[in-house]
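1. what follows is a predicted structure for the sequence shown.
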Amino acid sequence: MIRIRQAFKRLAADGKLFAILSACGFSMKAIFVKLGYGAAPVGALDLLTLRMGIALPFFVWLLWIGRAERKQGLSAADGLRIFLIAMSGYYLSSLFDFKGLAHISTGLERMILFVYPTLVLLFQCLLSRKRPERNVLHAMAICYVGLGIAFFHDLGLAGHGRSVMVGSAWVFAAAVSYALYYLGTGMLLKRMGATTLAGFAGAVSSVQVLLHFSVMGTPGTLLQLPASVWIYCAAMAIFSTVLPIYWLSLAIQRMGTAQAAAVGNLGPVLTILASWLVLGEPLSVAQLAGLGLVLFGVSRLKTRKPAIPAASPAAEATRQA
C-alpha cells in the first residue's frame, strides 16, 4: 500500500496522473451521450442543455480558482472574442457532435473529431496563403485513409448507410467548429491563463445553449425525462466536462502542453474500449486499423514544427469537451 501511495504521489507531482484522469474523463463523454439516447426518446439539444446547465456553476468555479492567472482586465474586444470562441468551441461543436452521435458509433465519432489538427493546418494555410509541406500532406493522407477505413466499415453495416453519412457529416462539422475555436484561443491566452479562459468559454457557451433552448426547446419536457437521463447528463457535466478540463490544466502546469497532449491521445482508444465494454458496440479489425492510422497520422503532424503550432493550453483543456 505504501508503494502504491508513493507511486500515485509521483504521478500527481509530475502531472501524469491528472493527464490520465483527464483523458479518461473526456473519453466517456460520448458514452454518456449514447446512454442518454438509450434511456429515453430525447433530442441532442435536450441533452446538451442538461449538460451545460449542470456544468454552468462549475465553470464559474473554474473562473474563481483561475483568478490568479488573470494578467489584466478584459476589453470589449476580448469579450467579443470570448463570445465567438465559446460559440464555436463548446456550443456549436458540442451540438453538432451530439446530433452526430444519434446516428453513428462512438468509435467513428471519436476518430472523425480527432482529425481536427488537419483542419487547423488547412485553415492556417488558407490564412497565410502557404502550401503545406510534402511530409505534412503525407501525414494528413494517413489520417484520412484511416478515417476512410472506419467510415466505409460502418457504412457497410446492414441498414446503416444513410445514418452513417448523416452522423459523420454532423461530427465533421463539429470538428470544423472546434478547429476554428482552436485558432481563436492564442490571442486571449496572452491576457489570461488556461483555467480562466476555459471557465469563461464554458460559462458563456452554457448561457448560449440555455438561450437556444429557451427559444427552440420546451422546458417542460426536461422535467418529464426519466431520472436516468438526468444522472447521465450530470455525470457528463461533472466527470466528462468540468473536471477533465481542470485536471488537464493541472497536468499542463506540471508537465507542459506537449506531454499532456500526448497522454490525451489515449482518448480515442479509451472511447472505443468503453463503447465495447459499456455499450456493446462491435470492436472490429477495420476500426482498430483505422484508429491506428489516424493516431499515427496525427502524431506525425504534431512532431513536425512547421505543420501546426504546439497546442495552446486552453485549446488542449477543451480539446475533447
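-> Everything's here; your move.
2. tell me how far the closest residue to Lys29 other than its chain neighbours lies from Thr185.
-> Of all residues not flanking Lys29 in the chain, Ser240 sits nearest, at 4.0 Å (C-beta to C-beta, 6 or more residues apart in numbering). All C-beta atoms are positioned from the backbone trio N, CA, C, and that covers glycine. For Ser240, the distance to Thr185 (C-beta to C-beta, to the nearest Å) stands at 21 Å.
3. touching, the residue nearest to Lys29 and Val33? I think so.
-> No. With contacts counted by C-beta atoms under 8 Å, Ser240 stays clear of Val33, the gap being 9.2 Å.
4. skip ahead from the biggest helix by length in the chain and say which helix or strand is next.
-> Longest helix in the chain by number of residues, with DSSP state H as the criterion: helix 161-189. Using DSSP states H and E, the next helix or strand after helix 161-189 towards the C-terminus is helix 194-216.
5. SS state for Leu74?
-> coil (DSSP: H, G, I helix; E, B strand; the rest coil).
6. how many other residues sit next to the closest residue in space to Ala235 that isn't next to it in sequence?
-> Once flanking residues are discounted, Ala235 sits nearest to Phe32: 5.7 Å by C-beta to C-beta, 6+ apart. A count of nearby residues for Phe32, using other C-beta atoms under 10 Å, gives 22.
7. what residues sit buried inside the host helix or strand of Phe32?
-> Secondary structure from DSSP H and E places Phe32 in helix 29-39. Using 16 or more other C-beta atoms under 10 Å as the test for burial, helix 29-39 gives 29-37, 39.
8. give me the contacts around the helix or strand hosting Val136.
-> Per DSSP H and E, Val136 falls inside helix 134-155. By C-beta atoms under 8 Å, 6 or more residues apart in numbering, the surrounding residues in contact with helix 134-155 are 104-105, 107-108, 111-112, 115, 118, 121, 132, 160-161, 164-165, 168, 284, 286-287, 289-298, 300-301, 304, 306-307.
9. quick one: which of the residues you listed sit in helices?
-> 107-108, 111-112, 118, 121, 161, 164-165, 168, 286-287, 289-298, 300-301.
10. out of these, which end up buried?
-> Applying 16+ other C-beta under 10 Å to the ones in helices among the contacts of helix 134-155 flags 107-108, 111-112, 118, 121, 164, 168, 287, 290-291, 293-295, 297-298, 300-301 as buried.
11. measure Trp247 to Tyr181 for me?
-> 20 Å.
12. please identify which of those two sits among more neighbours.
-> Taking other C-beta under 10 Å, Trp247 and Tyr181 do not tie; Tyr181 has more neighbours (27 against 23).
13. for the more buried one, which non-adjacent residue is spatially closest?
-> Gly89 (3.1 Å).
14. neighbours of that neighbour, just the number please.
-> Count around Gly89 with other C-beta under 10 Å applied: 28.
15. that one and Ile272: what is the separation?
-> In terms of C-beta to C-beta, Gly89 sits 24 Å off from Ile272.
16. likewise for Leu84?
-> 32 Å.
17. which one's more surrounded, those two?
-> Neighbours were counted for Leu84 and for Ile272 using other C-beta under 10 Å; Ile272 has more, 24 against 15.
18. so where does that one fall, helix or strand?
-> Going by DSSP H and E, Ile272 is in helix 267-274.
19. can you give me the distance of the closest residue to Ala289 other than its chain neighbours to Leu108?
-> Leaving aside its sequence neighbours, Ala289 sits nearest to Ile149 (C-beta to C-beta, 6+ apart; 5.7 Å). According to C-beta to C-beta, Ile149 and Leu108 sit 10 Å apart.
20. tell me the contacts of Leu288?
-> Leu288 touches Ile272, counting by C-beta under 8 Å, 6+ apart.
21. with the one 10 residues further on instead?
-> Contacts here follow C-beta under 8 Å, 6+ apart; on that basis Val298 touches 114-115, 117-118, 139, 143, 265.
22. same check, this time on Phe172
-> So Phe172 contacts Ile112 (C-beta under 8 Å, 6+ apart).
23. pLDDT value on it, please?
-> For Phe172, the pLDDT comes out at 92.
24. what's the answer for Val209, then?
-> pLDDT for Val209: 94.
25. number of residues surrounding it?
-> Val209, neighbours per other C-beta under 10 Å, totals 27.
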